[in-house]
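>>> Sharing a model that was predicted from the sequence below.
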Amino acid sequence: MRAVALRVLAENGFEARSKPADEEAARLEDHVTPSKDVRDMREVAWSSIDNETSRDLDQIEALEETKGGGAKIFVGIADVDAFVRTGTALDKHASRNTTSLYTGTDIFPMLPERLSTDLTSLLPDRDRYAVVTEVIVDGEGNVTSGDVYRAVVRNHQREPGRRVGRHRLLRRLGSEREQSRRRLRHDADARSPDPRRRRDGVSPHARREGADWHVQHQHRRADDGGR
């Protein structure tokens, strides 16, 4: 099967291996340090969502809460350009292939494995170069500012996609169940002939929700300076 895959790749102009590129990659040093133009963001709580067996990790994410219910969102993409210079054998090899190919038998990376699964892979607990996109949103979800810059990052945790998907599903189901319980309580209060469950035509459940809203509204006004 591998021989067939290699033949098909060659017929379509894909260069599975390049000796000059391999030799160039082997000489690269794993030396990653911040500088004047490269921020040190290794302490940010970066994480990635990837399969447990994946070795070519190209993206990490992080989020920091800000005042007023907003957030600062970071997305880091592996900075291949930090190692692959224009006109080099590695650059020519990548320009010819333009992408990595995942077949049923093998993975044929755009760049030699020294880069694709090591120096430019955002592996956990490794210092790596990344291009970071920073987006700031307010409490209403509106984007207020953004920036793009280079940084040294460190992936602190890798989460398998299946586990993340299950966690999101459970959160969604939990929220739907809570909404369903609230509707049932509200309907029961509304239909009850018991005066202890109703006062002035308003059910206790509705009164509690109104009180909660009033308290939250007062806190929000206080945070906004009384406006």
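Received the coordinates, thanks. Quantities reported herein were computed from a predicted structural model and do not represent experimental measurements.

>>> Report all helices and strands that the helix or strand where Asp147 lies contacts.
For Asp147, the element it lies in under DSSP states H and E is strand 143-159. Strand 143-159 sits against strand 38-40, strand 46-49, strand 127-137, with contacts defined as 3 or more Cβ pairs under 8 Å, 6 or more residues apart in numbering; DSSP states H and E. C-beta: built from backbone N, CA, C; applies to glycine.

>>> Now mean neighbour count, distance to Asp30 and mean pLDDT too, for these, in TSV please.
Shown next, in TSV, are the helices and strands packed on strand 143-159 (neighbours: other Cβ atoms under 10 Å; distance: least, Cβ to Cβ, whole Å; pLDDT from 0 to 100):
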stretch	mean neighbour count	distance to Asp30	mean pLDDT
strand 38-40	16	16	98
strand 46-49	19	18	90
strand 127-137	19	9	97
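
>>> Which one of those strands lies nearest to Ser95?
strand 127-137 (18.9 Å; Cβ to Cβ).

>>> buried sites along the strand holding Asp147?
By neighbour count with 16 or more other Cβ atoms under 10 Å, strand 143-159 contains the buried residues Arg150, Ala151, Val152, Val153, Arg154, Asn155, His156, Arg158.

>>> hmm, back to that, can I get the helices and strands packed on strand 143-159 in a markdown table with distance to Asp79?
Formatted as a markdown table, those follow (distance: least, Cβ to Cβ, whole Å):
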| stretch | distance to Asp79 |
| --- | --- |
| strand 38-40 | 9 |
| strand 46-49 | 14 |
| strand 127-137 | 4 |
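
>>> and the spatially most central residue of the chain, helix, strand or coil?
Centrality entry for the chain: nearest residue to the mean C-alpha point is Glu61, 3.5 Å, by Cα atoms, centre = their mean. Following DSSP: H, G, I helix; E, B strand; the rest coil, we place Glu61 in the strand state.

>>> With adjacent residues omitted, what lies nearest to it?
Nearest residue to Glu61, sequence neighbours excluded (Cβ to Cβ, 6 or more residues apart in numbering): Val75, at 5.5 Å.

>>> can I assume the one you found is in contact with Val131?
No: using Cβ atoms under 8 Å, Val75 is not in contact with Val131; the gap is 9.3 Å.

>>> Could you list the low-pLDDT ranges of the protein?
160-227 (pLDDT under 70).

>>> Would you map the helices across it?
Listed in chain order, the helices of the chain (DSSP state H) span 2-11, 19-26, 89-97, 113-114, 161-191, 204-223.

>>> buried sites along the first one?
Meaning helix 2-11. Under 16+ other Cβ under 10 Å, the buried positions of helix 2-11 are Ala5, Leu6, Leu9.

>>> Tyr129: what's it in contact with?
Val32, Val38, Ala78, Asp79, Ala82, Phe83, Thr120, Arg150, Ala151, Val152, Val153 (Cβ atoms under 8 Å, 6 or more residues apart in numbering).

>>> ugh, typo on my part, it should be Ser100
Asp56, Ile107, Phe108, Pro109, Met110, Ser116.

>>> Give me the distance between it and Leu28.
Per Cβ to Cβ, to the nearest Å, Ser100 is found 18 Å from Leu28.

>>> How is the protein divided into domains?
2-159, 165-223 (automatic domain parsing).

>>> Can you give me the first-to-last residue distance of the longest one?
Distance between the two ends of domain 2-159: 31 Å, counting by Cα to Cα, to the nearest Å.
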